[in-house]
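Q: Provided below for reference: sequence and predicted model.
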Amino acid sequence: MSHPNWNRVVIKVGSALIAPNQQGCSSHYLLSIAQFIVRCRANGTQVVLVSSGSVAAGSHMFADQEKTNIAVKKAMAAAGQTEMIATWDRLFDFPSAQMLLTHADLRDRERYVSIRETIFSLLDNNILPIVNENDTVTTDKLKVGDNDNLSAMVAAAADADALIICSDIDGLYDKNPHEHDDAKMLKSVDTIDESIYAMAGGAVKGGVGTGGMRTKIEAAEKAVSHGIDTYIINGFTELSFNMLLAGENPGTHFRPFKKPMKENEHWMRHTSNAQGEVIIEGNFDGTLGTDSDQLTSSEIIGVKGEFSVGDTILVRKEDGTKLVKAKSNYSSCLLNFIANQDSDEFAHEFEEKTGPIISDQHVANLEKE
Ligand SMILES: Nc1ncnc2c1ncn2[C@@H]1O[C@H](COP(=O)(O)OP(=O)(O)O)[C@@H](O)[C@H]1O
Ligand SMILES: N[C@@H](CCC(=O)OP(=O)(O)O)C(=O)O
């Protein structure tokens, strides 16, 4: 087989590959990954690296501390990040750049566009972007939470052709192989549904990884809907990388959608967080976000949460059916006010002057969920 025809790939490297025994960073497993990156670049493929491992790399500097304490973990991440970036940088004879991101950055459209522009600008200048979550500033709400999901968001932002998740295991098995001797590996997945999620267990207890297989499947789901070929492979062995370069599949391949979502729809659905909800009548049978079906205040029966103009909202029916995620052109306060008017006429006049409640340019359909 011949070398795959990728213009751009995102490679995600798990903690166990960076700091296998939590005694600081080791380049032992990173050498073959670095070589893969070098060979991709030589073949004309641009590469973005998403590297976990700052917590695992910094752990040895906090010998007598309570490692589950959040403040200690953040300090481990901050200290380990320098060591990790220095280790990667030593493996390349071209420059690399550190990008630390949070979910708050990615779900803000302006910051997201800025992140995209920075990635493209680094790649245009042959600089390797190395991305990790900015653990110092994250709280639960701001956190992506795991680098599998982060890598998929980055792959979408970078318009990558492939996402390669390098883990400590050969691929996705039909059950956790650490708990079941008869577990079998899946070579490919065409559709990600509940049966696929049911196969996934968490990370090894007491290990360095976060999220286990579940977050890798979530990442694959995000990536394939953007048209990105996604692989989970064993990053411990050089063979995985040689096979990828030969156009072969060394692990589990998640096939991309034939008709991927548009960039802004994908961002709205998979990256942006809804700040509030608009609940509409159960008998509504239109398709929101199209020219023919605009949401009007007369359909609204409730507004939940506090949101401002420009925030993302979830529009759902009374029975919980999710319809769309969309950018709201109204604040929650204003929407409550007009939805509670006795006279429809007032609301219609108001909407005619102010414009549609949700923007038809920024809508993601959720009816399949
Ligand atoms: N169905 C499954 N197939 C493969 N691995 C699984 C499965 N369910 C749970 N796992 C666990 O997920 C681990 C990989 O995830 P994780 O520890 O988060 O690694 P990483 O650091 O690469 O993100 C595997 O080592 C395995 O213990
Ligand atoms: N920002 C964290 C990422 C943790 C994480 O997602 O780890 P992993 O499951 O090994 O990809 C770190 O660098 O330690």
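A: Sure thing, it's come through. Residues are numbered from 1 along each chain as shown. Ligands and ions are numbered 1, 2, ... in the order given.

Q: For the rest of this, base every contact and every neighbour count on C-alpha atoms.
A: OK.

Q: Can you tell me the number of residues neighbouring the residue of the stretch 1-150 of the chain found nearest ligand 1?
A: The nearest approach of the stretch 1-150 of the chain to ligand 1 comes at G14, 3.7 Å away (Cα to the nearest ligand atom). Counted with other Cα atoms under 10 Å, the neighbours of G14 add up to 23.

Q: all numbers from here: first residue = 843
A: Will do, 843 is the new start, and the previous item becomes G856.

Q: right, and it touches I1006 too?
A: No - counting by Cα atoms under 8 Å, G856 does not reach I1006; the two are 11.0 Å apart.

Q: Endpoint to endpoint, stretch 1158-1176 covers what distance?
A: End-to-end span of stretch 1158-1176 (Cα to Cα, to the nearest Å): 19 Å.

Q: what is the mean pLDDT for it?
A: Computed over stretch 1158-1176, the mean pLDDT rounds to 92.

Q: contacts for it?
A: Outside stretch 1158-1176, the residues that touch it by Cα atoms under 8 Å, 6 or more residues apart in numbering are 1110-1111, 1116, 1118-1124, 1126, 1130, 1145-1157, 1197-1202, 1204-1209, 1211.

Q: Which residue ranges of the stretch 943-1092 of the chain form helices?
A: For the stretch 943-1092 of the chain, the helices defined by DSSP state H, counting those that start in this stretch occupy 945-949, 951-966, 989-999, 1036-1039, 1054-1066, 1080-1087.

Q: Alongside ligand 1, which residues does the stretch 843-992 of the chain contribute?
A: Contact residues (Cα under 6 Å from any ligand atom) of the stretch 843-992 of the chain with ligand 1: G856, S857, A858.

Q: Tell me where the chain is predicted with low confidence.
A: The chain contains residues with pLDDT under 70 at 843-845, 1128, 1131-1135, 1209-1211.

Q: That one against ligand 2: which residues are in contact?
A: With Cα under 6 Å from any ligand atom as the criterion, the chain meets ligand 2 at residues 856-857, 894-898, 919, 974-975, 977, 988-990, 1051-1053.

Q: from the residues you listed, which would you call buried?
A: 856-857, 894-898, 919, 974-975, 977, 988-990, 1051-1053 (16 or more other Cα atoms under 10 Å).

Q: Just the ones in strands from these, please.
A: Counting by DSSP state E, the part of these found in strands is N974, E975.

Q: what's the burial count for F934?
A: By the measure other Cα under 10 Å, the count of residues near F934 is 15.

Q: follow-up on the earlier one: give me whichever of the helices of the stretch 943-1092 of the chain is most buried.
A: helix 989-999 (a mean of 27; mean count of other Cα atoms under 10 Å).

Q: And the residue of the stretch 1093-1211 of the chain that's closest to ligand 1?
A: Per Cα to the nearest ligand atom, T1094 is where the stretch 1093-1211 of the chain lies closest to ligand 1, at 9.9 Å.

Q: okay but that residue is in contact with D1032, surely?
A: No - counting by Cα under 8 Å, D1032 is not a contact partner of T1094; they are 10.7 Å apart.

Q: The two - which one has more neighbours?
A: T1094 (21 against 11).

Q: How about the backbone phi and psi for H1204?
A: Recorded main-chain torsions at H1204 are phi -130, psi 70, according to degrees, to the nearest 10.

Q: Tally up the residues packed near it, please.
A: As a burial measure, H1204 scores 19 neighbours (other Cα under 10 Å).

Q: how close does it get to T1129?
A: Applying Cα to Cα to H1204 and T1129 gives a distance of 14 Å.

Q: before we move on, what about T887?
A: 40 Å.

Q: likewise D1023?
A: Using Cα to Cα, D1023 is found at 48 Å from T1129.

Q: When these two are compared, which one has more neighbours?
A: More crowded of D1023 and T1129, by other Cα under 10 Å: T1129, with 15 against 9.

Q: how does the chain divide up, domain by domain?
A: 848-1101, 1113-1205 (the TED database).

Q: Which of these has the highest mean neighbour count?
A: Ranked by mean neighbour count, the domains of the chain are led by domain 848-1101 with a mean of 19 (mean count of other Cα under 10 Å).

Q: gap between the two ends of that domain?
A: The first and last residues of domain 848-1101 sit 18 Å apart, counting by Cα to Cα.

Q: Then stretch 850-859?
A: Length of stretch 850-859, first residue to last, Cα to Cα: 22 Å.

Q: Centre of the chain to that stretch, how far?
A: 13 Å (Cα atoms, centre = their mean, to the nearest Å).

Q: Can you give the contact residues for that stretch?
A: Stretch 850-859 has contacts (Cα under 8 Å, 6+ apart) with 871-872, 887-896, 898, 989-990, 993, 996-997, 1000-1010, 1050-1051, 1077-1078.

Q: before we move on, what about stretch 918-937?
A: The contact list for stretch 918-937, computed with Cα under 8 Å, 6+ apart, reads 860, 866-869, 872-873, 876, 880, 895-901, 903-904, 938, 940, 968-970, 972, 977-978.

Q: do stretch 1112-1122 as well
A: For stretch 1112-1122, contacts defined as Cα under 8 Å, 6+ apart pick out 945, 948-950, 995, 1064, 1141-1149, 1153-1160, 1167, 1174.

Q: Please apply the same query to stretch 891-905.
A: For stretch 891-905, contacts defined as Cα under 8 Å, 6+ apart pick out 852-861, 864-867, 909, 914-923, 925-926, 970-974, 989, 993, 1050.

Q: which residue sits closest to K1026, ignoring its sequence neighbours?
A: With Cα to Cα, 6 or more residues apart in numbering as the criterion, K1026 has its nearest non-adjacent residue at 5.2 Å, and that residue is Y1015.
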